[in-house]
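Colleague: just a sequence and a predicted model for now, questions to come.
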Amino acid sequence: MTMTVLEVLHKTTMYFKKHNVENPRLNAEQLLAHVLGRKRIELYLEFERVLTGSELAPLRDLVKRRGEGEPLQHLLGNVEFCGLIFLCDKRAMVPRPETEELVEFLKSEIRNPKSEILDLGTGSGVIALSLAAEFPEAQILAVDISDDALALAQENAARLNLADRVRLLKSNLLENVEATFDLVVANLPYVSTQERHTLSREVLHDPEVAVFASTRGDEVVRELIAQAPSRLRPGGMLALEIGIGQSEALLSDLAEKNYRDICSKNDYSGVTRFLFARYG
């Protein structure tokens, strides 16, 4: 059975709607463009083109998997983040738009182009590598507890020609970290294990170690707040991405631990998502 590009997009969009996929039309366009090796925008010039059975076969499998909740980024094998293309698969968490906001904010905050930067919980390496691309003279260390995530970060560093700019290290938080830094940035697990039932199917495809902290959700972030002063240079900044409803308790935690210049920022959805503080 043959179908045109437009018919395939329509049929796939309806299927995704039925299976509660967010942004069904956009998902349909991205998967079809991926299968055809086209840019999404190019599909609009080919609506009347008839697709062959061999072109449709790989699409069917991807559409089925997307309908079952597998993240679009896993199916495409990559994700765009701060204008760069990163490999993306089940070894690390799919980077979120909120984390892009954090990186954009840090770009405007970093005054010293030769800053020493530590990225904790680097995952696929998006924060460390985006900052490395922006600040060619910065010294950057990217840390994760997961061998899988570090392997993916290494692949991304190589693909972006940044492998000599970012050092990777396996460590549980600051356990194996020895130097001091001008900036410590961390997007750590911040979801409570009790909230599992509220999460989308897509998030449940992320590695558990990257998503869940413990019963409260903010335990790992609190641990870092306690440890970070020993690794911050005088006046160095700690930048954190946090979960919904965690800001109040964590702000008072920062104050108790004698941080200064403490502030919070909202993400585009109006959620208090980022905390910043200096030490010493």
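Modeller: It's in.
Colleague: what score does the residue nearest the centre of the chain have for pLDDT?
Modeller: In the chain, the residue lying closest to the centroid (C-alpha atoms, centre = their mean) is residue 95, at 1.8 Å. Per-residue confidence at residue 95 stands at 95 (pLDDT).
Colleague: ok, it to residue 127 distance?
Modeller: 9 Å (C-beta to C-beta, to the nearest Å). Bear in mind the C-beta positions are built from the backbone N, C-alpha and C, glycine included.
Colleague: double-check that residue 9 belongs to a helix.
Modeller: Yes: assessed with DSSP: H, G, I helix; E, B strand; the rest coil, residue 9 lies in a helix.
Colleague: tell me how many other residues crowd it.
Modeller: Using other C-beta atoms under 10 Å, residue 9 has 19 neighbouring residues.
Colleague: do residue 59 as well
Modeller: When neighbours are defined as other C-beta under 10 Å, residue 59 has 18 of them.
Colleague: can you map out the helices along the stretch 101-250 of the chain?
Modeller: If DSSP state H, counting those that start in this stretch is used as the criterion, the helices of the stretch 101-250 of the chain fall at 126-134, 147-159, 208-211, 219-227, 247-256.
Colleague: centre of the chain to the shortest one, how far?
Modeller: The reference is to helix 208-211. 12 Å (C-alpha atoms, centre = their mean, to the nearest Å).
Colleague: so for it, what gets flagged as buried?
Modeller: 210-211 (16 or more other C-beta atoms under 10 Å).
Colleague: please apply the same query to stretch 64-75.
Modeller: Result for stretch 64-75 [16+ other C-beta under 10 Å]: buried residues 66-67, 70-75.
Colleague: how long is it end to end?
Modeller: 11 Å (C-alpha to C-alpha, to the nearest Å).
Colleague: stretch 112-126 now?
Modeller: 21 Å.
Colleague: name the residues of it that are buried.
Modeller: 115-126.
Colleague: same list, those, but as a markdown table with pLDDT and distance to residue 148 please.
Modeller: Output for the buried residues of stretch 112-126, formatted as a markdown table (pLDDT from 0 to 100; distance: C-beta to C-beta, whole Å):
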| residue | pLDDT | distance to residue 148 |
| --- | --- | --- |
| 115 | 97 | 28 |
| 116 | 98 | 26 |
| 117 | 98 | 23 |
| 118 | 98 | 21 |
| 119 | 98 | 17 |
| 120 | 97 | 17 |
| 121 | 96 | 13 |
| 122 | 97 | 12 |
| 123 | 96 | 10 |
| 124 | 97 | 10 |
| 125 | 98 | 12 |
| 126 | 98 | 15 |
